[in-house]
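A.B. asks: sequence first, then the predicted structure:
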Amino acid sequence: MWQRVTNPGLPEQVSGDENYSPAVTVGSTYMKRLAVYLRAYRRRWGLSQRELAILIGFNDRGMISRIERELRRPSLSTAIACRILFGTHAIEIFPAFFADVQEEVLERVQALYDDLQGSRSRLTPAKLDFLEEVLARAKEGRPIQIPL
């Protein structure tokens, strides 16, 4: 049976999925892995997968289905299109995707930081300062500011 769900992170929505839990906490690599909320947003407005596919620019509903089932990551253009269509930050629709990207980036930041240790380039101190700031933000769990 369909039920109305109100959540601070999302507009009032209709959800038929017992596992639906749109509480989104964003900020660090420790972010809880959550489902993709594209289905909830799509259903909130009564859109079929085919209709949303048309709005985003896909030829068929298959890509929407794969994104909703987390079999495919959304592209940047898909995330932007969802931002435009639903009027909410893409991170609220695709929190697990953003968490995955954040984790991957922080691993590369740490690797570059380690590689730069002992470098005598005059630019190394600025690079290390930058990388330390990125790592400090992640460690402190400061929210990432993403306008998408």
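C.D. replies: Nice, I can see it. Residues are numbered from 1 along each chain as shown.

A.B. asks: ok, which stretches of this structure are helices?
C.D. replies: Under the criterion DSSP state H, helices of the chain are mapped to 38-44, 49-56, 62-68, 76-86, 90-93, 95-116, 124-140.

A.B. asks: pick the most buried one from those helices.
C.D. replies: helix 90-93 (a mean of 24; mean count of other C-beta atoms under 10 Å). For glycine as for every other residue, the C-beta is placed from the backbone atoms N, C-alpha and C.

A.B. asks: mean confidence score for it?
C.D. replies: Helix 90-93 comes out with an average pLDDT of 90.

A.B. asks: show me what it is packed up against.
C.D. replies: With contacts taken as 3 or more C-beta pairs under 8 Å, 6 or more residues apart in numbering; DSSP states H and E, helix 90-93 sits against helix 76-86.

A.B. asks: any stretches of this protein with poor pLDDT?
C.D. replies: 1-35, 143-148 (pLDDT under 70).

A.B. asks: and the residue nearest the centre of it?
C.D. replies: When C-alpha atoms, centre = their mean is applied to the chain, the residue found nearest the centroid is Phe98 (3.1 Å).

A.B. asks: any idea how far Gly118 is from it?
C.D. replies: 33 Å (C-beta to C-beta, to the nearest Å).

A.B. asks: equivalent analysis for Phe86, please.
C.D. replies: 48 Å.

A.B. asks: might one say that the residue nearest to the centre of the chain is in contact with Ile91?
C.D. replies: Yes. With contact defined as C-beta atoms under 8 Å, Phe98 counts as touching Ile91 (4.7 Å).
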